[in-house]
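**Student:** Pasting a predicted model and its sequence here:
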Amino acid sequence: MAITSSQLITGIKRRIVMPTSQSLFQPTDLLAFADDIISSDIVTLLESTNQEYFVYKTEIPLVASQSEYSIPYRALGRALRELKMRDTSGNISNMPLINLEDTQLYFNTAFTGLTCGFHFLSDKIHIVPDVPDTLVNNLFMQVWYRLPPSKLIEVTSAATVASVSSPNVVVTSVPPGITVGSQVDFIQGKSGNSIYSMDITVQNISGTTITFTAGEVPTDLVAGDYIAPAGYSPVVNFVPNEVYSYLETLTCHRALVAQSDYEGADRLEKRMEREEKQMKMILEPRIDGEPTVIINPYSLTRNRILSQYSWWSGT
């Protein structure tokens with residue numbers, strides 16, 4: 001079962017005995033505190049386990065004569081997890097990171113797509129050798145990056161899915177933030193709260209029916225899931241339910257400090273330390289019965305990869 005932003009707000013108020021009628025903090029203020037905590041503490045905690053909680057994959061089609069491609073704008077830290085190249089036959093090859101000082105070694109190499117690397121150029125991925133004027137095959141750059149949780153909004157600011165008949169989605173009600181032409185995210189309504197797809201444009205709204213372009217409604221979308229303005233969510237994406245207690249505690253601490261209740265904040269600090277240790281015990285390892293397999297990519301038995309090694313090394 002998913003824990004919504006409304007439940008998070010209720011939990012925060014219950015812990016620090018915050019009156020419902022108080023005017024110091026609005027629900028949006030508490031969610032803003034929670035967003036800060038998620039960015040600075042929760043994401044860091046989950047990343048420290050090295051269990052790939054936030055890894056998301058997308059594919060970028062290569063365009064003739066275009067060698068530079070933008071890093072996905074939501075990528076955590078403007079960083080990538082991995083890059084690979086895929087052709088239409090399903091062949092996949094690694095894209096090694098090439099030092100800027102060594103790029104001249106590759107520009108005279110014939111571009112085949114499955115033997116190419118990259119380096120960063122400002123906020124761009126620059127493919128080497130350069131992509132030629134004509135491409136022999138359709139190629140796709142597979143990009144893995146860490147997608148941070150979306151900013152929290154109240155449940156009433158998102159649309160709850162009632163039924164799906166693609167490209168139409170019937171919702172319980174359409175919030176003001178979702179209009180024709182606006183972009184939305186499709187979000188899983190169960191624990192885990194994955195983002196099925198992002199930045200999808202609303203084509204039409206009729207009553208409680210939202211229409212999208214054919215093929216853009218995720219096949220996994222079911223009743224109980226959410227449609228939210230792009231970049232926002234009524235649930236915390238990717239974070240296990242067991243972490244919510246820790247999130248509530250940290251958010252309460254932030255709220256108490258903000259209202260200068262330092263005594264109350266001090267009382268929470270030991271609880272914060274204890275919960276952090278408990279969270280790490282639950283979160284790692286993510287699987288108990290399988291060790292990580294270590295593969296030597298330069299083994300003599302891995303002929304295809306070995307054949308690319310001389311290209312990687314510039315010899």
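**Tutor:** Great, that's in hand.
**Student:** Quick check: Leu8 touching Tyr246?
**Tutor:** No. In this structure, Leu8 is not within contact of Tyr246 by C-beta atoms under 8 Å, at 11.9 Å. Heads up, the C-betas are built off the backbone N, CA and C, glycines and all.
**Student:** so what does the lengthiest helix in the chain touch, helix or strand wise?
**Tutor:** Counting residues, the longest helix in the chain under DSSP state H turns out to be helix 262-283. Secondary structure elements in contact with helix 262-283, counted by 3 or more C-beta pairs under 8 Å, 6 or more residues apart in numbering; DSSP states H and E, are helix 43-48, helix 244-258.
**Student:** ok, and what's touching the longest one?
**Tutor:** Yep, that's helix 244-258 we're talking about. Outside of helix 244-258, the residues within contact range by C-beta atoms under 8 Å, 6 or more residues apart in numbering are 3, 8, 11-12, 15-16, 18, 25, 30, 33-34, 36-38, 41-42, 45, 236, 239, 262, 264-265, 268-269, 271-272, 275-276, 278-279.
**Student:** Please check these and keep the buried ones.
**Tutor:** Buried subset of the contacts of helix 244-258 (neighbour count, 16 or more other C-beta atoms under 10 Å): 3, 8, 11-12, 15-16, 18, 25, 30, 33-34, 37-38, 41-42, 45, 236, 239, 264-265, 268, 271, 275, 279.
**Student:** Now stretch 56-71: buried residues?
**Tutor:** Within stretch 56-71, judged by 16+ other C-beta under 10 Å, the buried ones are 56, 62, 67, 69, 71.
**Student:** returning to that earlier point: if you compare the helices and strands packed on helix 262-283, which one is most tucked away?
**Tutor:** For these, the largest average neighbour count (mean count of other C-beta atoms under 10 Å) is found in helix 244-258, namely a mean of 21.
**Student:** Show me the shaky parts of the stretch 101-250 of the chain.
**Tutor:** Along the stretch 101-250 of the chain, segments meeting pLDDT under 70 span 108-109, 136.
**Student:** what sits against the residue nearest the centre of the chain?
**Tutor:** Nearest to the geometric centre of the chain sits Leu147, at 2.0 Å (C-alpha atoms, centre = their mean). If you count contacts by C-beta under 8 Å, 6+ apart, Leu147 has them with 54-56, 72, 74-76, 195, 237-238.
**Student:** now do Thr209
**Tutor:** Thr209 touches 168-171, counting by C-beta under 8 Å, 6+ apart.
**Student:** how does it look with 10 Å?
**Tutor:** 162-163, 165, 168-171, 174 (C-beta atoms under 10 Å, 6 or more residues apart in numbering).
**Student:** Next one: it from Phe107, what distance?
**Tutor:** 53 Å (C-beta to C-beta, to the nearest Å).
**Student:** Confirm that Lys13 sits in a helix.
**Tutor:** Yes. Applying DSSP: H, G, I helix; E, B strand; the rest coil, one finds Lys13 inside a helix.
**Student:** now it: how far from Met272?
**Tutor:** Taking C-beta to C-beta, one finds Lys13 at 18 Å from Met272.
**Student:** Ser39 too?
**Tutor:** Distance from Ser39 to Met272, by C-beta to C-beta: 17 Å.
**Student:** Give me the spatial nearest neighbour of Asp220, chain neighbours excluded.
**Tutor:** For Asp220, ignoring the flanking residues on the chain, the nearest one in space by C-beta to C-beta, 6 or more residues apart in numbering is Tyr196 at 5.6 Å.
**Student:** What residues are bridge-paired with the residue nearest to Gly77 when sequence neighbours are not counted?
**Tutor:** Distances taken as C-beta to C-beta, 6+ apart put Arg146 closest to Gly77, at 7.3 Å, once the chain neighbours are dropped. Per DSSP bridges, the residues bridged to Arg146 are Val55.
**Student:** Any idea how many residues pack against Arg146?
**Tutor:** 21 (other C-beta atoms under 10 Å).
**Student:** Wait, it touches Tyr53, no?
**Tutor:** Yes. If you go by C-beta atoms under 10 Å, Arg146 and Tyr53 touch, sitting 8.5 Å apart.
**Student:** which neighbours do the two share?
**Tutor:** 43, 46-47, 238.
**Student:** Dump these to a markdown table, plus distance to Ile125.
**Tutor:** Shown next, in a markdown table, are these (distance: C-beta to C-beta, whole Å):
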| residue | distance to Ile125 |
| --- | --- |
| Val43 | 23 |
| Leu46 | 25 |
| Glu47 | 22 |
| Phe238 | 24 |
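**Student:** Which members of the residues you listed are the farthest-apart pair?
**Tutor:** Spatially, the most separated pair among those is Glu47 and Phe238, at 11.0 Å (C-beta to C-beta).
**Student:** check contacts around the residue nearest to Gly77.
**Tutor:** Neighbours of Arg146 in contact, by C-beta under 10 Å, 6+ apart: 43, 46-47, 52-56, 72, 74-77, 79-81, 238.
**Student:** Quick one: buried ones out of the residues you listed?
**Tutor:** So, by 16+ other C-beta under 10 Å, the buried ones in these are 43, 46-47, 53-54, 56, 72, 74-76, 80-81, 238.
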